[in-house]
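Asks: how does the following fold in three dimensions:
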Amino acid sequence: MYDVIIVGSGYGGSVMAARTAPYGKVLILERGKRWNSGEFPTGLRAFSAAYRSRRNPLGLWEVRLGKGTGVGFASGVGGASLLYYGITTRPDDHALAHWPVTSATLDPYFRRALDVLRPESCPDAHTIGDQRFFDLVEPGKRVDLQNVIDWSKCTWCGDCVSGCNRGAKRSLDKTYLPLAETAGAELRSETEVVGFTMRGSGGWDVRVQKTGDPSTLETIPTRTLVIAAGTMGTLDIMVRQRNLMPLSWTFGTDIGMNGDGAAFLYNTPYAMGSHHGAPITTTVRLIHTDGNGLPRTLTVMSGRIPKFLMHASATMMNGLSEVMGERFEDRQSLWIRAKRRLADLRAVGPDGALSRTLMYKLDGQDSAKGQASFDERGQSSIDWPDYANDPILVFAAERLRQWATKVGGVLLCDLGTWPGMKSFGVHALGGCRMGKNVEEGVVDDLGRVFHPAGGVYPGLWIVDGSILPGSLGVPPSLTIAALAERAAEYLLTRPSSAN
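Replies: Below is the predicted model:
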């Protein structure tokens, strides 16, 4: 029997594994495969072929489409850290003001996570041009980021979101997971959880199989079970348990998209970074006051178009700017602007329109009104038909229009507002939210799962993005790591009451 089985190797699972492995027999289950530097897909065709599906159950990435939204997520050893820009930042204190755990309480755990992740500022970020642009449109509000990247190895290749083949990204398979494995944790990749049941003598029987192969079904016992499969994965697992074990009525409700959105200010007079391969390093952090007088964070990042999409994006924006774009006047002549657009049709480079385009990558404290829905196989998606009209996104659209008025260019507004389009995000948060009791949430402030009859299910935890009670307004990886650090400490130091 294992002391702890952890389902998932993203931020919640990796932290829990690293901290508990020195003190017991720990097993990490990851449905995806292990991806090494040099194995990630390169180019649009290869990236498309890495899509996870029934025919390709070991695929690297997947999208779920709901009413009004689409959610993308990763499968692999290290979870979403394989495919992100490595942004590592703490949310504003007010983002946690109504949580059952405070920002002050999490402070030492934020620091503990930073000691392992070791994020660094990009030493060459000032060379791109978007810092100067943000200083122009929002003086004094620029916030430069730190990324979990070894900048000495980063070649600005533009392949961050398809996986780093240079070994520069300090993804979880290079930070927390090696700590766990060195301490004795067993990591079984390509293994998915089918379900679990409570053992009569205490603990849990976990049913697993090789990913996509029901003929390999087996049962593994454990004293403590930690579900950390990411928001979508955890919803998939827990919905199958509802007939066996009742959960809080809040399950699957109040899901945020973390204000994810994207818009473009195309073909401006200013050289920027959309054609560069550099990770996202520069933002503006704004505060919106909502209808209740409460502050909400909006982070506007200078986004990057992945290398394999650059030419297609340049061609698409060239056409859409005429059909869907809102033109704002600038001092440059029509011929100069047209010359840059023509240059992109030949080859995307520093002389084209894309090089003078700001991709507004948004993260914001939305109102978390998403609801989980499940198909006949129990796979989750997020329904939020009017997400694109959430107040934080309306505020963002107004602010971006002010910028466009000031600097000129063609504004291509949030893609989720276009006819027939959905808002797309990669930061679905909630569905198994924390609460003070079972009426407020699925889990308590540590991640222990509430029993509707009172107390918690002994030895059952959820520790990932699904337990966040609301959106953060910044990328959530560091916050999830801090919550996991705190949960692991409690599990280890107070085992008699932790279950």
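Asks: I figured residue 28 hits residue 191, correct?
Replies: No. Applying CB atoms under 8 Å, one finds residue 28 not in contact with residue 191, separated by 9.4 Å. (Each C-beta comes from the backbone N, C-alpha and C, glycine too.)
Asks: for the stretch 1-150 of the chain, which segments count as helices?
Replies: For the stretch 1-150 of the chain, applying DSSP state H, counting those that start in this stretch gives helices covering 11-20, 44-49, 103-117, 130-137.
Asks: quick one: which of those is nearest residue 197?
Replies: For the helices of the stretch 1-150 of the chain, the distance to residue 197 is smallest for helix 11-20, at 20.8 Å, taking CB to CB.
Asks: mind checking how far the longest strand that the chain contains is from the chain centre?
Replies: Using DSSP state E, we find that the single longest strand of the chain is strand 213-227. For strand 213-227, the separation from the chain centroid amounts to 26 Å (computed by CA atoms, centre = their mean, to the nearest Å).
Asks: can you check stretch 62-76 too?
Replies: In terms of CA atoms, centre = their mean, the centre of stretch 62-76 is set 11 Å apart from its chain centre.
Asks: show me the contacts for the nearest residue to residue 275 once chain neighbours are set aside.
Replies: Closest residue to residue 275 apart from its sequence neighbours, by CB to CB, 6 or more residues apart in numbering: residue 355 at 4.4 Å. Residues counted as contacts of residue 355 (CB atoms under 8 Å, 6 or more residues apart in numbering) are 271-272, 274-275, 340, 348-349.
Asks: can you select the buried ones among these for me in ChimeraX?
Replies: Buried residues within the contacts of residue 355, by 16 or more other CB atoms under 10 Å, are selected in ChimeraX with:
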select :272,274,275,340,348
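Asks: so which of the contacts of residue 355 is the closest to residue 285?
Replies: Checking the contacts of residue 355 one by one against residue 285 (CB to CB), the nearest turns out to be residue 272, at 18.6 Å.
Asks: quickly note the distance from that closest one to residue 147.
Replies: 19 Å (CB to CB, to the nearest Å).
Asks: likewise for residue 352?
Replies: Residue 352 sits 26 Å away from residue 147, going by CB to CB.
Asks: now do residue 395
Replies: 26 Å.
Asks: could you check which of the two is surrounded by more residues?
Replies: residue 147 (27 against 19; other CB atoms under 10 Å).
Asks: returning to what we had before: reformat the helices of the stretch 1-150 of the chain as JSON lines; add mean pLDDT and mean neighbour count.
Replies: As requested, the helices of the stretch 1-150 of the chain are exported to JSON lines (pLDDT from 0 to 100; neighbours: other CB atoms under 10 Å):
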{"stretch": "helix 11-20", "mean pLDDT": "98", "mean neighbour count": "29"}
{"stretch": "helix 44-49", "mean pLDDT": "94", "mean neighbour count": "13"}
{"stretch": "helix 103-117", "mean pLDDT": "98", "mean neighbour count": "17"}
{"stretch": "helix 130-137", "mean pLDDT": "94", "mean neighbour count": "19"}
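Asks: right, and these - which one's nearest residue 428?
Replies: Comparison of the helices of the stretch 1-150 of the chain against residue 428 by CB to CB identifies helix 11-20 as nearest, at 14.1 Å.
Asks: could you export the longest strand of the chain as CSV, CA atoms only?
Replies: Provided in CSV are the C-alpha atoms of strand 213-227 (Å, rounded to 0.1, in the frame of the first residue of the first chain):
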residue,chain,number,x,y,z
ASP,A,213,-6.3,0.8,-22.8
PRO,A,214,-9.2,-0.5,-20.6
SER,A,215,-7.8,-4.1,-20.8
THR,A,216,-5.0,-3.1,-18.4
LEU,A,217,-7.3,-2.1,-15.5
GLU,A,218,-5.8,-2.6,-12.0
THR,A,219,-6.5,-1.4,-8.5
ILE,A,220,-3.8,0.3,-6.3
PRO,A,221,-4.4,0.9,-2.5
THR,A,222,-3.3,4.1,-0.7
ARG,A,223,-3.8,5.7,2.6
THR,A,224,-4.1,9.2,1.2
LEU,A,225,-5.3,10.2,-2.3
VAL,A,226,-4.6,13.6,-3.8
ILE,A,227,-6.4,14.6,-7.0
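Asks: okay, buried residues for it please.
Replies: 220, 222-227.
Asks: so the most centrally placed residue in the chain: helix, strand or coil?
Replies: Residue closest to the mean C-alpha point of the chain, counted by CA atoms, centre = their mean, is residue 427 at 3.8 Å. Here residue 427 is recorded as coil under DSSP: H, G, I helix; E, B strand; the rest coil.
Asks: residue 142 contacts residue 284, doesn't it?
Replies: Yes. Residue 142 is within contact range of residue 284, at 5.7 Å (criterion: CB under 8 Å).
Asks: shared neighbours of these two, which are they?
Replies: Joint contacts of residue 142 and residue 284 (CB under 8 Å, 6+ apart) are residue 134.
Asks: so for these two, which sits in the more crowded spot?
Replies: Taking other CB under 10 Å, residue 142 and residue 284 do not tie; residue 284 has more neighbours (22 against 18).
Asks: what pLDDT, on average, does stretch 275-295 get?
Replies: Stretch 275-295 shows a mean pLDDT of 92.
Asks: can I get that stretch in CSV, CA atoms only?
Replies: What follows is stretch 275-295, C-alpha atoms only, in CSV (Å, rounded to 0.1, in the frame of the first residue of the first chain):
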residue,chain,number,x,y,z
HIS,A,275,7.1,38.8,-34.5
HIS,A,276,9.8,38.0,-31.9
GLY,A,277,10.2,34.5,-30.4
ALA,A,278,10.9,35.9,-26.9
PRO,A,279,8.6,34.7,-24.1
ILE,A,280,6.1,37.1,-22.6
THR,A,281,8.1,39.4,-20.4
THR,A,282,6.2,42.8,-20.2
THR,A,283,2.8,43.8,-18.9
VAL,A,284,0.7,46.6,-17.6
ARG,A,285,-1.3,45.8,-14.5
LEU,A,286,-4.5,47.9,-14.1
ILE,A,287,-7.2,48.1,-11.4
HIS,A,288,-10.9,48.1,-12.3
THR,A,289,-13.5,49.0,-9.7
ASP,A,290,-16.5,46.8,-10.1
GLY,A,291,-20.2,47.6,-9.5
ASN,A,292,-19.8,46.8,-5.8
GLY,A,293,-16.8,49.2,-5.4
LEU,A,294,-14.3,46.3,-5.2
PRO,A,295,-10.9,46.4,-7.0
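Asks: got the buried residues for it?
Replies: 275-286, 288.
Asks: and of these, the nearest to residue 14?
Replies: residue 279 (20.5 Å).
Asks: please list all residues in contact with the closest one.
Replies: 85-87, 122, 147, 149, 154, 160, 304.
Asks: residues contacting the closest residue to it other than its chain neighbours?
Replies: Distances taken as CB to CB, 6+ apart place residue 85 nearest to residue 279, at 4.4 Å, with adjacent residues excluded. For residue 85, the contacting residues are 147, 160-161, 279-280, 304, by CB under 8 Å, 6+ apart.
Asks: which of those residues sit farthest apart?
Replies: The span of the contacts of residue 85, defined through CB to CB, is set by 147 and 161 at 13.1 Å.
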